[in-house]
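J.: what's the 3D shape of this:
(one chain, ligands or ions: 1)
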Amino acid sequence: MSLVLNETFLEGFVSQEEIASYAQRLTAAHRQLYAPDGQPKGWLALPTETPEALLCQIEAAAEKIQKTSDLLLVIGIGGSYLGARAALDFLPKKRGCQVLFIGNDISASHLEEVLAECSGREFSLNVISKSGSTTEPAIAFRILYRALQERYGGQAPQRVYCTTDPADGILRRMCEEEGFIRFEIPKDVGGRYSVLTPVGLLPIAAAGHNIRQLLAGAISAAKDCRGNTPANPAYRYAVLKDILYQKGKQVELFAAYEPFAATLLQWLIQLYGESCGKDGKGLFPTAALFSTDLHSLGQYIQEGRRLLCETVLCLQEDSSPLTVPALGSNHDGLLYLEGKRLADINRTAMLATAEAHHAGGTPTILLMAGRREERTLGELFYFFEVSCAISGYLLGINPFDQPGVEQYKTNMFRLLGKPGYTNTPEN
Ligand code: PA5
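T.: Numbers count the residues shown, from 1 in each chain. Okay, the predicted model is just below:
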């Protein structure tokens, strides 16, 4: 695996003795993760146990989408879309189909924009919902399926790729009744841990990316993140953050220096927010894109309340040859940068910022990663999933449920008059 933790900017915040003192708790967390027989199961086993037949099926569906559609509308929310979206933003564009994500809000203008995009173009739908009943994607699907029917009539169902529970839920039943093309989210894989199932793999493949390389990256991370000690980098990362949390840090800022990684940071927020924020515990996850946000959040990070710790995603040097050109003058004061690659200047900004934040009281973990390619992304997805689950167990919570998400839904259903949720008797 190419991922390496650089702990230089933790000095004075975390000691080797403190890390070593987690040995027993890590063993216990490891047991919980691999229970009951110590073997990887569910999402943990996806990199190594995804059947070849399923990969072929996904690739064939992606090819069909590319042949028949200019546009694929991916309908889903939370764990049912963020991984694929992170991948599509992270990876350099390929010649696949254009993918738009919808059903992740209830915004009429967003839906109207997407409907307008479909006009005059061939399109297909990939509706993704494990439960099959989440309101946001359900509304978007109803509207977009109607548009699909209006355009393609009786052929519409063959343009619907439905990724849902293997046995239960409304979407599962609709697949039977309408004849949609069906992909399954395994029962034992939860939404935010599902990017390596058809939830993520189908849209990623439809956009032209190599899902086998993505899985190869995850396999490599799985190999290196298997032990139950701090030598396992995913466990070590969880321990470092737990130490910072126990010492009073309350917010974890995920940062990157490349705009293409911005959605990956959103995926991290969702992964950690829903996994670790419960029972009054957990670091509040948030994200910043540097150096852009150094001109907004930078002041607070440097000198505001000392509640932050930071993880910076450092990708292997950009191969872009772009340099600061010679101007023949120094009117802009940039002579000292002439001939320097932007990638090198960006890397220097990262080191300078980490040094400043550390000195200002914000402990900073650098996660050194590989190049901007499928393999690196596969490593990152798997590394963070494992580490997040261990973070949850170290906190003494269940990292795989999300009971708090229900409260707003219950209120919304009551206010909208959904049967079974109103205070007055149903009519
Ligand atoms: O991580 C999770 O489990 C959630 O974020 C879900 O993915 C999200 O709520 C969407 O659920 P569903 O796929 O059932 O529509």
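
J.: mind listing what the residue nearest to the spatial centre of the chain touches?
T.: Centroid-nearest residue in the chain, with Cα atoms, centre = their mean: Trp267, separated by 2.6 Å. Neighbouring residues of Trp267 by Cβ atoms under 8 Å, 6 or more residues apart in numbering: Leu82, Gly83, Arg85, Ala86, Val195. For every residue, glycine as well, the C-beta is placed using N, CA and C.

J.: neighbours around the second one, how many?
T.: Gly83 has 30 neighbouring residues, counting by other Cβ atoms under 10 Å.

J.: Where does the residue nearest to it when sequence neighbours are not counted sit: helix, strand or coil?
T.: In space, and not counting its chain neighbours, Gly83 is closest to Val195: 2.8 Å by Cβ to Cβ, 6 or more residues apart in numbering. Using DSSP: H, G, I helix; E, B strand; the rest coil as the criterion, the local structure at Val195 reads coil.

J.: gap between Val195 and Tyr382?
T.: As judged by Cβ to Cβ, to the nearest Å, Val195 and Tyr382 stand 9 Å apart.

J.: Can you convert the contacts of Trp267 into TSV and add a column each for pLDDT?
T.: Below are these laid out as TSV (pLDDT from 0 to 100):
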residue	pLDDT
Leu82	98
Gly83	98
Arg85	98
Ala86	98
Val195	98
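
J.: Kindly reformat the residues you listed as CSV containing distance to Glu310 and secondary structure.
T.: Compiled in CSV, those are given as follows (distance: Cβ to Cβ, whole Å; DSSP: H, G, I helix; E, B strand; the rest coil):
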residue, distance to Glu310, secondary structure
Leu82, 21, helix
Gly83, 23, helix
Arg85, 23, helix
Ala86, 19, helix
Val195, 24, coil
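
J.: what would those look like in a markdown table with distance to the ligand?
T.: As requested, those are exported to a markdown table (distance: Cβ to the nearest ligand atom, whole Å):
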| residue | distance to the ligand |
| --- | --- |
| Leu82 | 8 |
| Gly83 | 10 |
| Arg85 | 13 |
| Ala86 | 14 |
| Val195 | 10 |
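
J.: Quick one: name the residues of the stretch 101-250 of the chain near the ligand.
T.: Within the stretch 101-250 of the chain, the residues that sit near the ligand (Cβ under 6 Å from any ligand atom) are Ser129, Lys130, Ser131, Thr134, Pro137, Gly190, Gly191, Arg192.

J.: number of nearby residues for Pro36?
T.: Pro36 has 7 neighbours, counted by other Cβ under 10 Å.

J.: Can you classify it by secondary structure?
T.: Assignment for Pro36 (three-state DSSP): coil.

J.: so how far is Tyr393 from it?
T.: With the distance defined as Cβ to Cβ, Pro36 ends up 15 Å from Tyr393.

J.: Burial check on the closest residue to Thr134 other than its chain neighbours, number of neighbours?
T.: Nearest-residue entry for Thr134: Ile77, 5.9 Å, with adjacent residues in sequence omitted and distances by Cβ to Cβ, 6+ apart. Neighbours of Ile77 under the rule other Cβ under 10 Å: 23.

J.: for the longest helix belonging to the chain, the distance to its chain's centre please.
T.: Scanning the chain for the helix with the most residues, using DSSP state H, yields helix 374-395. Remark: helix 374-395 is offset 10 Å from the chain centroid, using Cα atoms, centre = their mean, to the nearest Å.

J.: Quick one: residues in contact with the helix or strand that that helix is followed by.
T.: Going down the chain from helix 374-395, the next helix or strand is helix 406-416, by DSSP states H and E. Helix 406-416 has contacts (Cβ under 8 Å, 6+ apart) with Thr135, Gly420, Tyr421, Thr422, Asn423.

J.: Using a markdown table, please lay out those together with neighbour count.
T.: Formatted as a markdown table, the contacts of helix 406-416 follow (neighbours: other Cβ atoms under 10 Å):
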| residue | neighbour count |
| --- | --- |
| Thr135 | 15 |
| Gly420 | 7 |
| Tyr421 | 15 |
| Thr422 | 14 |
| Asn423 | 5 |
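
J.: Could you export these as CSV, including secondary structure and pLDDT?
T.: Converted to CSV, the contacts of helix 406-416 look like this (DSSP: H, G, I helix; E, B strand; the rest coil; pLDDT from 0 to 100):
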residue, secondary structure, pLDDT
Thr135, helix, 94
Gly420, coil, 90
Tyr421, coil, 89
Thr422, coil, 79
Asn423, coil, 69
